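Engineer: Build the 3D model from these lines:
(2 chains)
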Amino acid sequence: MAKLPFTNDIRTLRFLAGEMTQGDLGDRVGVTRQTIAAIEQGKYSPSLEVAFRIAHVFGKPLEAVFQWGTGTN
Amino acid sequence: MTYKEKASWLMLVAMVLAYSLYFGLIITGHPAGKSLFAMLWLFGTIAATQAVVVIIGCIWLAIEARKLPRARIDERDRAIAARGTATFYYVLLTAMIVVGVVMPFTEPPIKIVNTALFGIVLAELVGLIVVVTSYRRGWHG
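Structural biologist: Got it, this is the predicted structure:
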């Protein structure tokens, strides 16, 4: 599996949002629990729309949720 | 596993079982490898049985999925399905070029038909393997 050039803090943000479950986040974003799990594990790159929706749920800017890896082009 | 992933596994297993039997019989000298009528009868029986099993299985999976909340198809399912379809297309295209352009000059009709069927099955299998692998190992579309 190719390594993604970016990471995310969704797991931490869910914890800080009162232990929000993957299923709850998926419901609010419009994707399945499995897709949220895949995004957290770096197994799926979400579309820009879903990325913005996730950031919106947490009330954060996109770059607070997804970070471009240092040293990648 | 999502409904789509379970359905993909079901189709993959059903195809492997059904067409291993069909092409296994052909290789071991079944009349379906020589006679068009026998071929149509054997293939029709196996394909129909496989289709019934897959349809019943998918209906059962859909009913089970409806018991769970959040059982919807999302962008990841669609991206993975598109990847499987693209792979299916290239394998099928290659097989059909061999069957339709090369084999008519050298092979008897029954062998061409069975090779065409094998090409279709192979393309579908490769597409399904890409789908289930993408679910398991990840997909960065």
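Engineer: now the strands: where do they sit in chain A?
Structural biologist: A:6-8, A:66-68 (DSSP state E).
Engineer: quick one: which of these is nearest chain B?
Structural biologist: Among those, the nearest to chain B by C-beta to the nearest C-beta is strand A:6-8 (10.5 Å). C-beta coordinates here come from the backbone N, C-alpha and C atoms, glycine included.
Engineer: Show me which residues of that closest one are buried.
Structural biologist: By 16 or more other C-beta atoms under 10 Å in any protein chain shown, the buried positions in strand A:6-8 come out as A:N8.
Engineer: Now residue 36: closest residue in space that isn't a chain neighbour?
Structural biologist: Picked chain A for this. When the adjacent residues along the chain are set aside, A:I36 lies closest to A:Q22, with 4.3 Å between them (C-beta to C-beta, 6 or more residues apart in numbering or on different chains).
Engineer: Oops, wrong one, chain B.
Structural biologist: B:I110 (5.9 Å).
Engineer: Please identify the helix or strand for the one you found.
Structural biologist: In this assignment (DSSP states H and E), B:I110 forms part of helix B:109-137.
Engineer: Tell me which other helices or strands that helix touches.
Structural biologist: On a contact count with 3 or more C-beta pairs under 8 Å, 6 or more residues apart in numbering or on different chains; DSSP states H and E, helix B:109-137 meets helix B:3-27, helix B:36-67, helix B:75-97.
Engineer: now the angle from that helix to helix B:36-67?
Structural biologist: Between helix B:109-137 and helix B:36-67, the angle comes out at 20 degrees (axes from the mean of the first three to the mean of the last three C-alpha atoms, to 10 degrees).
Engineer: so B:I80 touches B:R137, yeah?
Structural biologist: No - between B:I80 and B:R137 there is no contact under C-beta atoms under 8 Å: 11.0 Å.
Engineer: between the two, who's got more neighbours?
Structural biologist: Per other C-beta atoms under 10 Å in any protein chain shown, whichever of B:I80 and B:R137 has more neighbours is B:I80, with 24 against 10.
Engineer: distance of the more buried one from chain A?
Structural biologist: 9 Å (C-beta to the nearest C-beta, to the nearest Å).
Engineer: Give me the buried positions along stretch B:107-123.
Structural biologist: B:110, B:112-123.
Engineer: can you list the strands of chain A in CSV and add distance to chain B and mean pLDDT?
Structural biologist: As requested, the strands of chain A are exported to CSV (distance: least, C-beta to the nearest C-beta, whole Å; pLDDT from 0 to 100):
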stretch, distance to chain B, mean pLDDT
strand A:6-8, 10, 84
strand A:66-68, 13, 87
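Engineer: hmm, the helix of greatest length in chain A in reach of chain B?
Structural biologist: As assigned by DSSP state H, the longest helix anywhere in chain A is helix A:48-58. Yes - Helix A:48-58 lies within reach of chain B by C-beta under 8 Å from any C-beta of the partner chain, at A:V50.
Engineer: That'll do, ta.
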